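*Asks:* Need a 3D model of the following:
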Amino acid sequence: MPEPNWSVVIPVKRLARAKSRLRGALPGVAHESLVLALVLDTVDAVLACAPVTEVLVVTDDPELARALGRQGARIVPEPPAGGLNAAFAYGAAQATNGWVAALTADLPALRPAELAEALRTASVTDGGAAPAGGAGSSGEAGAVGVRRFVTDAPGTGTVLLTSAPHTALDPRFGPDSAAAHAASGARPLTGAWPTLRRDVDTPADLRAATALGLGPRTAALVGPPGPAAGAPESTSGPTCRMAAADV
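*Replies:* As a prediction, this is how the structure comes out:
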């Protein structure tokens with residue numbers, strides 16, 4: 001059965017204010033450049049995901065808006081009521097598809113196939129898979145009220161929240177958002193999906209994402225991997241910037 005079309009909403013703060021715990025993670029790399037790379041690699045992966053026909057980025061950052069617009073994302077200005085959840089809800093209200101997903105912007109290792117599998121799983125209700133349709137397709141009536149979410153790697157946060165047609169997204173992102181989404185009636189999705197679950201908030205998270213394989217922009221900033229344990233260190237070639245961030 002053909003699958004439904006999805007709109008994915010990704011809010012992003014201004015580059016200078018985003019990802020404060022990553023500041024200084026890569027010595028010699030401007031913080032704004034690292035954040036921009038994380039976001040661009042995330043959006044690239046989402047745009048390459050087969051079920052996704054629309055990516056809405058909610059931001060007031062002009063540099064981000066230009067770069068992401070060139071990638072093919074639809075730029076939505078931040079709503080008057082600030083905050084992450086307000087941005088998710090506002091972006092969802094602009095979506096042209098009935099199936100909507102809220103996704104964090106810090107998934108630089110994301111593989112399109114993992115996101116596609118998660119979205120397909122989310123579109124399967126107790127009564128079976130929802131039928132596809134063009135933009136604005138509402139899906140099956142039995143899907144009304146269904147919301148699902150994917151936790152981050154530690155299991156306390158949320159990287160993905162989905163809503164079925166005619167269902168409010170009702171985002172609860174923030175501290176302990178997995179518990180908050182579950183308490184609101186959303187159902188967890190339990191697939192492995194390591195690159196989808198690997199969000200990046202800290203230097204340790206960035207190292208974990210590097211081990212999974214980064215998107216090209218973030219990888220270019222991180223640099224090549226360091227020598228394997230026990231191997232002699234090169235004195236001439238480039239070194240991995242992440243090594244200096246381990247301290």
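*Asks:* Least confident secondary structure element in the protein?
*Replies:* For the chain, using mean pLDDT, DSSP states H and E, the weakest element among its helices and strands is helix 242-245, scoring a mean of 32.
*Asks:* mind checking the longest helix of the protein?
*Replies:* helix 31-47 (DSSP state H).
*Asks:* For whichever helix or strand comes after it, which outside residues touch it?
*Replies:* Next in sequence after helix 31-47, counting helices and strands by DSSP states H and E, comes strand 52-58. Here strand 52-58 makes contact (Cβ atoms under 8 Å, 6 or more residues apart in numbering) with 5-12, 43, 46-47, 64-65, 68, 72-79, 87-88, 90-91, 94-97, 105, 115-116, 119, 135. From N, CA and C alone the C-beta is placed, and that goes for glycine too.
*Asks:* Pull out the buried members of the residues you listed.
*Replies:* The neighbour-count test (16 or more other Cβ atoms under 10 Å) marks 5-12, 43, 46-47, 64-65, 68, 73-76, 78-79, 87-88, 90-91, 95, 97, 105, 115-116, 119 as buried among those.
*Asks:* Just these: which are in strands?
*Replies:* Among these, DSSP state E puts 6, 7, 8, 9, 10, 11, 74, 75, 76 in strands.
*Asks:* Name the nearest of these relative to residue 210.
*Replies:* Nearest to residue 210 out of those is residue 10 (Cβ to Cβ; 21.5 Å).
*Asks:* Dig out what the closest one forms beta bridges with.
*Replies:* Partner residues in beta bridges with residue 10, using DSSP bridges, are residue 57.
*Asks:* Would you mind measuring from it to residue 160?
*Replies:* 11 Å (Cβ to Cβ, to the nearest Å).
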